[in-house]
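Student: Let's see this in three dimensions:
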Amino acid sequence: MKNNKFLKTAMVSAVAFTPVLAVGVNVEKASAATDVLPSNVESFLVQLDVVYADARLADGLPKLHAAQDYLAAKSDWDAVAKKMLNKNTLTTEEQHVLNYLLPLFAASTTTSLKDAVNNFYKSVTDAELQKAFGVTVGSTTFTKATFTSFLVETESKVFENYSNSTNGSSMFDEFANALLTSTSYPDVKKAITDKFVISRVFDELKTIASVKVIQDAKEPFALVAKIYDEKFGVDSGGVTPTPSPTPPPVTTTPGEVSTGADTVASNPQAVIDAINAAASVEELTLTLTGTNTSVGIPALVLNALKNKNSNASIVLTSGTASYSLPVSFIDASAAATALGVASSELKLEISMAPVANPLANNAAYTTLSGAIDFKVAFVAPNGEKVEINVFPKPVTRSITTDTVLDPSTTVGVTVDAQGNVKAVPTFVVASNKEANLHRSGNSVYTLIKNSKTFNDVNNGKNWSEEFVEKLASKMIVNGTTATTYEPNRAISRGEFAAILSRGLGLVPKSATVKFTDVSSSQAFNTNGEIAAVVEAGIVKGDAKGKFRPYDEISRDEAAIMISRALDFIGTDGVKLDTTKKVSAFTDYRYIGNTARSHVERVYQAGYLGGYSNGSFGASNDTERGQMAKILYNFLQSVKFIN
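Tutor: Numbering: from 1, shown residues only. A predicted model of the protein is given here:
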């Protein structure tokens, strides 16, 4: 389970090491220095002596001691570890490492704590630690020294942040905030993240946090953090062995505020200030760096962006992918209700994680890129989340590849957990190494090569060959058989709706529609295509509650559907020739009043024209070849395909 990695790491850090430090220990002179511990760990333990000796803690020490005694008395740490790892048994290395980590919880003085850390260093080898955490033996970036240094770095950040907190955040909130910033030990962070199961960690933390004696220690802990920050704040040089990378600055250009993903999490106020100060904001661009694959955006930042421009988008970008999400597509209030928290407490987590390509060994597909798992979720302070899998309109994500892409045969596809492959409207950008994918749902996405034609259109057999082949290669239209397209056959309402749904990348919120003549067993509606176009307002049923999916669609009905689709998607980039008038058609009077404005619009956009005799033929059936031309012209004009 890889969701919400920074919170998982924070909580595991809290359970594995820092609660001993967080609840306080009896004041006692530390044992003599040894040459076993890294200097930064040694310094941190000595600093704790100074902190707990401060006279201001005198009244709070009994509560801290009581909390420590409770932790020390727990006898089920072995069982707790198995739950957090989701294992019934531990490996030899896991049990060995656990035996020397558990004494950290039982340390009641700084002397015994230091002795426990020393014993851990003396009794556990780097190789044993690496095997226990599933790290390659011999790693120079995941060792006992980097492991404890990472925990000390995190604890130091928590002390400083918690002491300066003005929003009433909890200790564990501050662990999360501390982990949002870059760490000097990314490989340690990743190893801990990959090892533990977040839901199990939360279960154990909730149990511990609910105990009254732990609750009673909160105020003294806040004072510990304050004293530590006064005396040994991270900014003073403290214990961090190497400076953490400085989060990227917030920059403003016309229409755009941009910064690093780390910055929006660690210094959201700077981002909010930039948004408020900008003349206009169309995009908030956040850049992922290093191995980071996700960002947590505080609700206050989302609110500032929405208040500035309700049509603005959040753009997350990395070297291999990007994701553009209109802020109007997300509803924090609904997620807050579902999670039982205030909307201001939420963070929007956007993730673009590379995953093993599910089509890599499938002989039926030629892959052109890696696979990316795109996810969006609202996350509560306790780590519980509500995933957002379907949006009101298509969102744009991109995949970048080293392969030169052919715009006519490159297709973006989604692959679900069952291995089902669905095509996505795909537009290859000018560099020919990046493709924009448009779809209203999240999933695992990859790029494939696909080329398709049919015997009855190929080599000039039908005027619609170009349009049919382009849409078939993009997997938007299908043949009536594997080798025939039947371009002159009339197309039905159900077929047209399904093709339009695929062409727009629509995902239904619910696959159920209330038409008595529509079901999921119909070939054109196996994925809820009818529901998707109905929800989008593109197609409607009749007054009797029927959709009439097998009725042949007339040319004016096709014009209405395409016009409504344009309303749904938006007209950015679409050029209309306003000199073209529907009244110029010789059979204008036979075009119904309802259809006239729609016919004129698609005529001006160049999607659909008249016959050579000057008529439009509103009531004529729309043929499959005509449909291919209409749909291609439409999708190409809105840059859903090349």
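
Student: Every contact and neighbour count from this point should use C-alpha atoms.
Tutor: OK.

Student: show me where the stretch 101-250 of the chain has helices.
Tutor: Assigned by DSSP state H, counting those that start in this stretch, the stretch 101-250 of the chain shows helices spanning 103-106, 110-123, 126-132, 144-163, 171-180, 186-195, 198-209, 212-216, 218-232.

Student: Now the longest one: average pLDDT?
Tutor: The one in question is helix 144-163. Across helix 144-163, pLDDT averages out at 72.

Student: do the fifth one as well
Tutor: Per-region confidence: helix 171-180 scores 50 on mean pLDDT.

Student: and what of the first one?
Tutor: The average pLDDT for helix 103-106 rounds to 60.

Student: since we're on Asp542, how many residues are nearby?
Tutor: Asp542 is flanked by 9 other residues according to other Cα atoms under 10 Å.

Student: likewise Asn119?
Tutor: Asn119, neighbours per other Cα under 10 Å, totals 15.

Student: In a helix, Glu256, correct?
Tutor: No. Secondary structure of Glu256 (DSSP: H, G, I helix; E, B strand; the rest coil): strand, not part of a helix.

Student: ok, it - contacts?
Tutor: Taking Cα atoms under 8 Å, 6 or more residues apart in numbering, we find Glu256 in contact with 280-285.

Student: For it, name its beta-bridge partners.
Tutor: Thr253, Glu283 (DSSP bridges).

Student: Nearest residue to Ser520 in space, ignoring adjacent ones along the chain?
Tutor: Nearest-residue entry for Ser520: Thr526, 4.9 Å, with adjacent residues in sequence omitted and distances by Cα to Cα, 6 or more residues apart in numbering.

Student: Verify the contact between that neighbour and Val518 for me.
Tutor: No. The criterion here is Cα atoms under 8 Å, and Thr526 misses it with Val518 at 10.5 Å.

Student: quick one: which of those two has more around it?
Tutor: The neighbour comparison of Thr526 against Val518 (other Cα under 10 Å) goes to Val518, with 21 against 13.

Student: Return the distance of the more buried one relative to Ala531.
Tutor: 10 Å (Cα to Cα, to the nearest Å).

Student: helix/strand/coil for Gly412?
Tutor: Taking three-state DSSP, the label given to Gly412 is strand.

Student: beta partners of it?
Tutor: Val424, Leu447.

Student: how many neighbours does it have?
Tutor: For Gly412, using other Cα under 10 Å, the count is 30.

Student: I figured Ile314 was touching Leu325, is that so?
Tutor: Yes. The pair Ile314 and Leu325 qualifies as a contact (Cα under 8 Å) at a distance of 5.2 Å.

Student: Now the buried members of the contacts of Glu256.
Tutor: By neighbour count, with 16 or more other Cα atoms under 10 Å, the contacts of Glu256 hold 280-285 as buried.

Student: re earlier: for the residue nearest to Ser520, grab phi and psi.
Tutor: Dihedral pair for Thr526: phi -70, psi -20, per degrees, to the nearest 10.

Student: now it: how far from Asn420?
Tutor: 12 Å.

Student: Let me see the domain layout of this structure.
Tutor: 5-236, 251-449, 458-637 (automatic domain parsing).

Student: All set, thanks.
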